[in-house]
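>>> Curious how this folds, go ahead:
(3 chains)
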Amino acid sequence: MRGKELRRSLSVLPIGTVMKLTSLTARQIRYYESQKLIFPQRSDGNRRLYSLADVDRLLEIKDYLDDGLNMAGIREVYDQKQRESEQRKNQDHQLTDDDVRKILHDEFLQAGGLKTPSAQQPQAPLQKPL
DNA sequence: TTTCTCACA
DNA sequence: TGTGAGGA
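Residues are numbered from 1 along each chain as shown, chains lettered A, B, ... in the order given. The predicted model follows:
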């Protein structure tokens, strides 16, 4: 079933299609790209080509924005995800889903400008070697 | 027609 | 972010 993953990563959708799929404006979609949140391919006359994976990411970005995060905060979330993947490869220490959820939640609060300070929860005792 | 970049309200 | 200009 890996073929689907591959096709998910194939960038063939023009910005107009992505606009309809995500109900975002071309302006927003390009802006998010400039903020390094998405990395559409380029081809044919400098036109952007998005993949289904990009659309998924755009949809996620909308959710994060709804949570009150800003561009920088969202980028941190994705950086975090990338590091999680790297850590899994290194097998340094398996992060449980709860650990991950805890870390992401902490990122949300920091990036969102501590909109929900509700008693500074003690940092997770997890050391991230990176 | 659609998308691109750049600039300004 | 929205919108318009000027091109491809």
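
>>> How about the contacts made by the residue in chain A that DNA strand B sits nearest to?
Across chain A, the shortest distance to DNA strand B (Cβ to the nearest atom of the strand) belongs to A:G16, at 2.2 Å. Using the backbone N, CA and C atoms, a C-beta is placed for each residue, glycine as well. For A:G16, the contact set (Cβ atoms under 8 Å, 6 or more residues apart in numbering) comprises A:A26.

>>> Please identify the helix or strand for it.
Per DSSP states H and E, A:G16 falls inside helix A:15-22.

>>> Check A:L69 too.
Per DSSP H and E, there is no helix or strand for A:L69.

>>> I'd assumed A:H105 was in contact with it.
No - look at A:L69 against A:H105 with Cβ atoms under 8 Å: they stay out of range, at 11.9 Å.

>>> Have a look at these two and say which one is more surrounded.
A:L69 (23 against 13; other Cβ atoms under 10 Å).

>>> Would you mind measuring from that one to DNA strand C?
Going from A:L69 to DNA strand C by Cβ to the nearest atom of the strand, to the nearest Å gives 12 Å.

>>> mind pulling up the phi and psi values for the most far-flung residue of chain A relative to its centre?
The centre of chain A is farthest from one residue, A:G45, which by Cα atoms, centre = their mean lies 27.6 Å away. Torsion angles at A:G45 (phi, psi; degrees, to the nearest 10) stand at phi 60, psi 40.

>>> so how far is A:T96 from the residue most central in space within chain A?
The centroid of chain A falls nearest to A:Y78 when counting by Cα atoms, centre = their mean (4.1 Å). For A:Y78, the distance to A:T96 equals 21 Å [Cβ to Cβ, to the nearest Å].
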